[in-house]
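**Student:** Predicted structure and sequence below. I'll ask about it afterward.
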Amino acid sequence: MKLYSKILASGSYLPAKILSNKDLEKMVDTSDEWIVSRSGIKERRIVADNETSADMAYNATVDVIKSSNIAPSKIDLILVATSTPDILFPSTACLIQRRLGLNNIPAFDLQAACTGFLYALATADAFIRSNSYKTILVIGVDTVSRFIDYTDRNTCVLFGDGAGAVIVQASDEPGIICNEIHADGSGEEILHVKGHIYNGELKGHPYMAMDGKAVYKMAVRNLAEVATSVLTKSGYSNEQVDWFVPHQANLRIIESTAAHLNISMEKVIVTVDIHGNTSAASVPLALDHAIKNGKIKRGDLLLLEGVGAGFTWGASLIRY
Ligand SMILES: CC(C)(COP(=O)(O)OP(=O)(O)OC[C@H]1O[C@@H](n2cnc3c(N)ncnc32)[C@H](O)[C@@H]1OP(=O)(O)O)[C@@H](O)C(=O)NCCC(=O)NCCS
């Protein structure tokens, strides 16, 4: 019998503090009108001073476990996509394993910036198809605000914090139909955080730096291409997609990709207006939002996609 992986349930967590465009107007030379017209973002969430990536990831985990109705002891692998771990090591995944009281199951982080969740989902799917694990907790979490310079208007208006999670389980029917992930390391200079610890000292610029226009162009080109590729490989057409769940970086990138794919905006899940760009959390947050508000239903065909620093990008076609 052929093995597939199925998304059993989703969960999410958002910090309580809302940072609105009006708030940002008081911090940098910007305007609500500029931010909304260029990005579609109206507000984003920011962690409390004492809140961490592990805290958000754990809260999203509690939510997904509740929705899935499975015992945490069934989980046999934890994958966390993040580029903002609270500490260099142990990994965020190990911190979550401990908080769940699970011993002796593998747990690791993987880093592909805003594409992290797509990379983690593809990894979970490969582990399930190879019959290595049966029930995998996949989390996307980022505390981007800790790496943002709130005097830099080029970046500070675009990002927010959050966590999303899914439980992926072995199944004899799809499930995840097709994943494709890509990277092009020559994109390093257009989006990065170069700060690092060297001999006990912080070296390099510790905040995000971005060439917005270059990122925009790279995103639009690669997203349309990878989404078309997973559809073609799987023998599905764009008309069969019930919901397109793109990375929530910028409404104009989302609209442009949807137009390239000939998918109507009525079939696109949009949360960028209320979440901003939450990096690896963006896709699972959007997915969970749409599942909880009843848009996405069991049996729907979902097209997920992500893009981010690296440059990295990817897409997944999923029967929910
Ligand atoms: C960043 C982005 C919104 C800028 O939009 P844009 O259409 O390229 O910007 P425009 O050309 O209209 O405007 C640029 C001008 O606005 C200014 N500007 C930048 N941020 C601003 C802000 N928050 N408020 C007001 N003005 C701002 C710039 O300084 C520049 O001014 P100049 O022309 O005097 O030099 C857009 O390029 C983008 O979304 N890129 C992708 C970013 C992204 O998604 N990154 C994460 C990927 S995972």
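**Tutor:** Arrived safely, thanks for sending. Residues are numbered from 1 along each chain as shown.
**Student:** what about the closest residue in space to Tyr13 that isn't next to it in sequence, neighbour count?
**Tutor:** Closest residue in space to Tyr13, ignoring its immediate chain neighbours: Asn59 at 3.7 Å, by Cβ to Cβ, 6 or more residues apart in numbering. All C-beta atoms are positioned from the backbone trio N, CA, C, and that covers glycine. For Asn59, the neighbour count with other Cβ atoms under 10 Å is 19.
**Student:** so Asn59 sits right up against Leu14, yeah?
**Tutor:** No: if you go by Cβ atoms under 8 Å, Asn59 and Leu14 don't touch, sitting 9.0 Å apart.
**Student:** where do the contact lists of those two overlap?
**Tutor:** Common neighbours of Asn59 and Leu14, using Cβ atoms under 8 Å, 6 or more residues apart in numbering, are Ala163.
**Student:** Hmm, Phe108 and Arg91 touching each other?
**Tutor:** I think there's a mix-up here, since residue 91 is Ser and not Arg. Yes: Ser91 lies in contact with Phe108 (Cβ under 8 Å); the separation is 5.6 Å.
**Student:** Give the residue from those two that has the larger number of neighbours.
**Tutor:** Ser91 (20 against 16).
**Student:** Please list all residues in contact with the more buried one.
**Tutor:** Ser91 makes contacts with Val80, Pro85, Ala107, Phe108, Asp109, as judged by Cβ under 8 Å, 6+ apart.
**Student:** Keep only those of those that are in strands.
**Tutor:** Judged by DSSP state E, the contacts of Ser91 include Val80, Ala107, Phe108, Asp109 as members of strands.
**Student:** want to throw the residues you listed into JSON lines with distance to Asp55?
**Tutor:** As requested, these are arranged in JSON lines below (distance: Cβ to Cβ, whole Å):
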{"residue": "Val80", "distance to Asp55": "13"}
{"residue": "Ala107", "distance to Asp55": "17"}
{"residue": "Phe108", "distance to Asp55": "19"}
{"residue": "Asp109", "distance to Asp55": "15"}
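**Student:** Residues of the stretch 151-300 of the chain that sit close to the ligand?
**Tutor:** Residues of the stretch 151-300 of the chain lying near the ligand by Cβ under 6 Å from any ligand atom: 153-154, 157-158, 210, 212-213, 215-216, 219, 249-250, 277.
**Student:** Give me the ChimeraX select line for these, limited to the buried ones.
**Tutor:** To isolate the buried ones among those in ChimeraX, judged by 16 or more other Cβ atoms under 10 Å, type:
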select :153,157,158,210,215,216,219,249,250,277
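**Student:** Distance check, the residue of the chain most remote from its centre against the ligand.
**Tutor:** Among the C-alpha atoms of the chain, the one farthest from their average position, using Cα atoms, centre = their mean, is that of Asn199, at 32.3 Å. Noted for Asn199: a distance of 31 Å to the ligand, by Cβ to the nearest ligand atom, to the nearest Å.
**Student:** Phi first, then psi, for Trp313.
**Tutor:** Per-residue torsions, Trp313: phi -160, psi 160 (degrees, to the nearest 10).
**Student:** Next, count neighbours for Asp49.
**Tutor:** The number of residues near Asp49, taken as other Cβ under 10 Å, comes to 6.
**Student:** just to confirm, which helix or strand has it in it?
**Tutor:** Secondary structure from DSSP states H and E places Asp49 outside every helix and strand.
**Student:** Would you mind giving the domain segments of this structure?
**Tutor:** 4-172, 177-319 (automatic domain parsing).
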